[in-house]
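> Would you be able to build a 3D model of this:
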Amino acid sequence: MIAQPAQEWPIVAAEPGTTTSILRGYVVPLAIIGPVFSLAGVLIFGHQGILYAIAAAVLEFFLELLALFVVAFIADTLAPSFGGTKDFVSAFKWVAYASTARWVAGIFEIIPVFGSLILLVASLYSLYTLYLGTVPVERIPQEKALGFTIVVIVAYIVAIAIITFLLGILLGLFFIGAGVATGAATR
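As a prediction, the model looks like this:
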């Protein structure tokens with residue numbers, strides 16, 4: 001999917017599968033790369049507390065899965081408006097496989113700053129990959145593929161912004177609660 005996405009999409013489109021099989025067999029092993037390497041980076045370079053890093057890694061992983069489902073739901077809902085077919089498994093497959101480059105680039109999260117730049121480039125490439133899969137997987141007519149992809153990308157950006165905001169709130173509440181429980185907040 002990374003080296004030749006245009007050739008891979010028709011193969012992916014033809015593969016049988018369920019949301020559960022794609023989640024277990026493809027998504028989880030790849031989506032966990034970033035959080036694990038981010039945690040390793042904290043342990044190696046020590047730029048955050050370990051407790052914070054563990055909580056952030058766990059939340060990052062689960063919120064990544066949530067974003068995948070949200071974007072697939074949005075794509076599935078919008079597909080008929082662009083001449084495509086309503087099929088959640090295809091939408092889920094489309095979003096999941098398009099995320100491959102970004103998830104694999106999660107390896108570089110071990111390196112502060114530099115890793116983020118590589119992740120940004122991989123994320124942009126994943127958006128391009130998403131576009132390439134629009135016609136074969138989502139069955140959107142070619143003349144509407146770009147518009148559909150842009151709408152889904154905007155929805156994805158909004159979902160990521162909301163998830164990032166929620167991650168900040170959850171981590172803040174977690175550490176405020178931990179501080180109160182240990183008495184650190186009263187010192």
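> secondary structure class for the nearest residue to Ile140 once chain neighbours are set aside?
Nearest non-adjacent residue to Ile140, counting by Cβ to Cβ, 6 or more residues apart in numbering: Gly84, 4.2 Å away. For every residue, glycine as well, the C-beta is placed using N, CA and C. Assigned by DSSP: H, G, I helix; E, B strand; the rest coil, the conformation of Gly84 is coil.
> so how many other residues sit close to Gly84?
23 (other Cβ atoms under 10 Å).
> Please tell me how far it sits from Pro141.
Look at Gly84 and Pro141: by Cβ to Cβ, to the nearest Å, they are 8 Å apart.
> ok, now Ala13?
Distance of Ala13 to Pro141, computed by Cβ to Cβ: 15 Å.
> Over to Glu15?
22 Å.
> Need the three-state assignment for the closest residue to Val12 other than its chain neighbours.
In space, and not counting its chain neighbours, Val12 is closest to Tyr97: 5.2 Å by Cβ to Cβ, 6+ apart. Assigned with three-state DSSP, Tyr97 falls in the helix class.
> Tyr97 touches Met1, doesn't it?
Yes - with contacts counted by Cβ atoms under 8 Å, Tyr97 reaches Met1, the gap being 5.6 Å.
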